[in-house]
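Asks: After the sequence you'll find the predicted model.
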Amino acid sequence: MASDSGTLYVGITNDLGRRVWEHKNERVDGFTKKYGCKKLVYHEYGQDINGTIAREKQIKNWNRKKKEFLIKTINPKWIDLSKEMFGFET
């Protein structure tokens, strides 16, 4: 998730659509609500929970430049992917 100013949030969920909706509607207290992270700019799917948690930790430990490069591999314009995926308005 990203804010309009570029703040990034990395997290995992078992229901991406629900979780994005919660962030967009500020149903989740904490970092994303505080910094306005409401745009889905990148996502990955995993089958194994342990592998998924390890990947989340890996990305969280990356510097900003490396995270930006990862996002740009699938979303060079940083558009909100949730509109196409789930029909959410930006």
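Replies: Ah, there it is.
Asks: C-alpha from now on. contacts and neighbour counts both.
Replies: Fine.
Asks: and the most centrally placed residue in the chain, what is it in contact with?
Replies: Averaging the C-alpha coordinates of the chain gives a centre point, and the residue nearest to it by CA atoms, centre = their mean is Met1 (2.9 Å). Met1 sits next to 8-10, 32, 37-42 when contact means CA atoms under 8 Å, 6 or more residues apart in numbering.
Asks: change it to 6 Å
Replies: Residues in contact with Met1 (CA atoms under 6 Å, 6 or more residues apart in numbering) are 8-9, 37, 39-41.
Asks: what's the answer for Glu89, then?
Replies: Listed by CA under 6 Å, 6+ apart, the contact partners of Glu89 are Lys83.
Asks: That one belongs to a helix?
Replies: No. Counting by DSSP: H, G, I helix; E, B strand; the rest coil, one finds Glu89 to be coil, located in no helix.
Asks: What separation is there between it and Leu81?
Replies: Note on Glu89: its distance to Leu81, by CA to CA, to the nearest Å, is 10 Å.
Asks: immediately after the helix or strand that Glu68 is a member of, which helix or strand?
Replies: When secondary structure is defined by DSSP states H and E, Glu68 falls within helix 64-74. Of the helices and strands lying after helix 64-74 in sequence (DSSP H and E), the nearest is helix 82-86.
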